[in-house]
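Engineer: Attaching a predicted model along with its sequence, questions to come.
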Amino acid sequence: MIESVEELCARLVRFDTTNRGHGQGRGERVAAEFVADRLTDAGLKPVLLERAPRRSNVVARVSGARPELPALLVQMHLDVVPADPDEWTVHPFAGEIRDGYVWGRGAVDMKDMCATVLTVVSRWAAEGRVPERDIVLAFVADEEDTGAYGAHWLVVDHAELFEGCAAAIGESGAHTVPTRRSDGTLVHLYPIGTAERGVSHLLLTATGRAGHGSRRNDDNAVVKLVDAVHRLAAHEWPVHLTPAVRAFLERTGAALDVPVDLSSAEGVDATIARFGVAARMVENTVRNSTRPTVLSAGYKVNVVPGLAQAQVDTRVLPGTEDTFLGEIDRLLGPGVRREFLTDQAPVQARVDSPWFDAMAVALRAHDPAAVVVPYCMGGGTDAKAFAKLGIECFGFAPLRLPEGFDYRAMAHGVDERVPVDGLRFGVEVLDRFLSG
Ligand SMILES: [Zn+2]
């Protein structure tokens, strides 16, 4: 008897795998052991790997009928971000199923996909089916922090587990983005992630001459830093259309029947403004960004400090890495030093590829109205780790969502939940895609 996908998802939610960052949190072990048991029940031989106690990763390989084909990696994470029960309608770790939804932290990020994948492999075992190619399943730790106990560790210390994998699917993509045309017709957009901006967190340091606040000081670290931070924040980064974004704009524009003008920055911005709710899928990925987030300097109002620091969240589009840093340095000017707190390169898979086409076919098989488009993620996932192995990474976690369901407010938000029929749709789409 196979457990329903919603029950599996609810059970996974009940394992509190909160990741508080900096190695703090409960760890993923209880969830990992549960997943490993399910995989074993499905006839697989999962391995549990921990870089530190309780920070567990589970990896298993499903042998395909045609091992000569390139293998496919399915990468998921078991950890979740914190949730404050006082803010929620239900307890975030109760794993309740009510009103057609599974409620709880991790319901869309991303115990939903863990549950759909476990359901697919259990079904294969029960029906005696095997996929065409080898499928590697990775349920990892620590995605919600640095990945140092999860994907980024595995690709360095256990790269052999991913031998032969040419492509990977993971979170952030293939969920319905229901969008209205101007005539009211509903369009079922399904954006598949084919790229991610790179993430660099910069620490800026200005030094100067410390002294009394009442005296003239032409070498004030606070002034130098504030000027540089302002130049960086106020800079209008140019529009740069990556292949994923260009294809998204052209194909979404055609589906929504709105004019598409990609000949200038104004044209691009005006095009995006016509996209309705789908604008959110692209508005942050037509430009690089440099957003100051942390400032620190000084300790007393009448003392000029000798040092001032700022942190800046910077995001870089694939193909612009070479010029981006040079431009940042020009804006910072002399007297401000920069160093990286985080530096993860952008990732990019092919938009026009057999992988993408097969994903689109699987989606359309179960939603004939699906309009499948590529898109670029504004932030990042564990794809950044797996791409280092030369694996082409896609955001493909199929889920059917009703109109008005604010998917983006769910991940890391209050009252995170996922529709039960959306999960069932995910099982069917994944079964089809992974079998082929
Ligand atoms: Zn996630």
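Structural biologist: That came in fine, so what should we check first? Numbers count the residues shown, from 1 in each chain.

Engineer: In contact with the residue most central in space within the chain: list those residues for me.
Structural biologist: Centroid-nearest residue in the chain, with C-alpha atoms, centre = their mean: Thr381, separated by 3.8 Å. Thr381 makes contact with 143, 170-172, 193, 196, 395, according to C-beta atoms under 8 Å, 6 or more residues apart in numbering. Where you see a C-beta, it was placed from the backbone N, CA and C, and this is true even at glycine.

Engineer: and the gap between it and Cys114?
Structural biologist: 14 Å (C-beta to C-beta, to the nearest Å).

Engineer: same thing with Ala138?
Structural biologist: For Ala138, the distance to Cys114 - C-beta to C-beta - is 11 Å.

Engineer: Val373 now?
Structural biologist: Val373 is 25 Å from Cys114, by C-beta to C-beta.

Engineer: joint contacts of Ala138 and Cys114?
Structural biologist: In contact with both Ala138 and Cys114: Met76, using C-beta under 8 Å, 6+ apart.

Engineer: Which segments of this protein make up each domain?
Structural biologist: Domains of the chain are assigned by automatic domain parsing as 5-172+381-435, 198-344.

Engineer: So which of those domains is the most surrounded?
Structural biologist: Looking across these with neighbours counted as mean count of other C-beta atoms under 10 Å, the highest average goes to domain 5-172+381-435: a mean of 20.

Engineer: That one and the ion, are they touching?
Structural biologist: Yes. Under the criterion of C-beta under 5 Å from the ion, the ion is reached by domain 5-172+381-435 at 109-110, 171.

Engineer: thinking again about what came up before, now the domains of the chain as JSON lines including mean pLDDT?
Structural biologist: Output for those, formatted as JSON lines (pLDDT from 0 to 100):
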{"stretch": "domain 5-172+381-435", "mean pLDDT": "97"}
{"stretch": "domain 198-344", "mean pLDDT": "96"}
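
Engineer: how about TSV for those, with distance to Leu363 added?
Structural biologist: Listed next are these as TSV, based on distance: least, C-beta to C-beta, whole Å:
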stretch	distance to Leu363
domain 5-172+381-435	6
domain 198-344	14
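
Engineer: Show me the one of those domains that comes nearest Arg350.
Structural biologist: Nearest to Arg350 among the domains of the chain is domain 5-172+381-435; the distance by C-beta to C-beta comes to 6.6 Å.

Engineer: and that closest one, how far apart are its ends?
Structural biologist: Using C-alpha to C-alpha, to the nearest Å, one end of domain 5-172+381-435 lies 18 Å from the other.

Engineer: Tell me the spacing between the spatially closest residue to Asp157 that is not a sequence neighbour and Val268.
Structural biologist: Leaving aside its sequence neighbours, Asp157 sits nearest to Arg51 (C-beta to C-beta, 6 or more residues apart in numbering; 7.6 Å). Relative to Val268, Arg51 is positioned 43 Å away (C-beta to C-beta).

Engineer: Please apply the same query to Glu6.
Structural biologist: Glu6 is 41 Å from Val268, by C-beta to C-beta.

Engineer: do the same with Arg66
Structural biologist: Counting by C-beta to C-beta, the gap from Arg66 to Val268 is 43 Å.

Engineer: I'd like the residues of domain 5-172+381-435 next to the ion laid out as a markdown table, including secondary structure.
Structural biologist: Converted to a markdown table, these look like this (DSSP: H, G, I helix; E, B strand; the rest coil):
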| residue | secondary structure |
| --- | --- |
| Asp109 | coil |
| Met110 | coil |
| Glu171 | coil |
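
Engineer: What helices and strands are in contact with the host helix or strand of Ala358?
Structural biologist: Element membership for Ala358 (DSSP states H and E) is helix 354-366. Other elements packing on helix 354-366 under the criterion 3 or more C-beta pairs under 8 Å, 6 or more residues apart in numbering; DSSP states H and E are strand 186-196, strand 370-377, strand 392-395, helix 420-435.

Engineer: Show the contacting residues for the closest residue to the ion within the stretch 51-200 of the chain.
Structural biologist: Closest residue of the stretch 51-200 of the chain to the ion, C-beta to the ion: Asp109 (4.1 Å). Asp109 makes contact with 80-81, 171, 410-412, 416, according to C-beta under 8 Å, 6+ apart.

Engineer: wait, doesn't Val303 sit right on Ser214?
Structural biologist: No. Using C-beta atoms under 8 Å, Val303 is not in contact with Ser214; the gap is 10.1 Å.

Engineer: how far away is Asn19 from the ion?
Structural biologist: 10 Å (C-beta to the ion, to the nearest Å).

Engineer: wait, doesn't that residue sit right on Gly147?
Structural biologist: No. Asn19 is beyond contact range of Gly147, at 10.5 Å (criterion: C-beta under 8 Å).

Engineer: So which residues of the stretch 1-150 of the chain form strands?
Structural biologist: 19-21, 24-25, 47-50, 56-62, 71-77, 97-98, 101-103, 135-140 (DSSP state E, counting those that start in this stretch).

Engineer: I'd guessed Phe394 sits against Ala167; true?
Structural biologist: Yes. Using C-beta under 8 Å, Phe394 is in contact with Ala167, at 6.7 Å.

Engineer: near the ion, anything from stretch 187-199?
Structural biologist: No. Against the ion, stretch 187-199 shows no contacts by C-beta under 5 Å from the ion, the least distance being 11.9 Å.

Engineer: just the CA coordinates of that stretch, formatted as PDB?
Structural biologist: Taking Å, rounded to 0.1, in the frame of the first residue of the first chain, the C-alpha atoms of stretch 187-199 are listed here in PDB:
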ATOM      1  CA  VAL A 187      -3.000  31.400 -19.600                       C
ATOM      2  CA  HIS A 188      -1.300  28.600 -17.700                       C
ATOM      3  CA  LEU A 189       2.400  29.700 -17.700                       C
ATOM      4  CA  TYR A 190       4.900  27.100 -16.500                       C
ATOM      5  CA  PRO A 191       8.300  28.700 -16.200                       C
ATOM      6  CA  ILE A 192      11.200  26.300 -16.100                       C
ATOM      7  CA  GLY A 193      14.400  27.600 -14.500                       C
ATOM      8  CA  THR A 194      17.300  27.400 -17.000                       C
ATOM      9  CA  ALA A 195      19.600  30.000 -15.400                       C
ATOM     10  CA  GLU A 196      20.400  31.700 -12.100                       C
ATOM     11  CA  ARG A 197      22.000  34.900 -11.400                       C
ATOM     12  CA  GLY A 198      25.300  34.700  -9.500                       C
ATOM     13  CA  VAL A 199      25.400  35.800  -5.900                       C
END
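
Engineer: How about residues contacting stretch 335-347?
Structural biologist: 146, 195-208, 224-225, 228, 311, 316-319, 321, 328-329, 332, 380, 383-384, 387, 393.

Engineer: So which of those residues belong to helices?
Structural biologist: Under the assignment DSSP state H, the contacts of stretch 335-347 contribute 224-225, 228, 321, 328-329, 332, 383-384 to helices.

Engineer: Fine, thanks again, bye for now.
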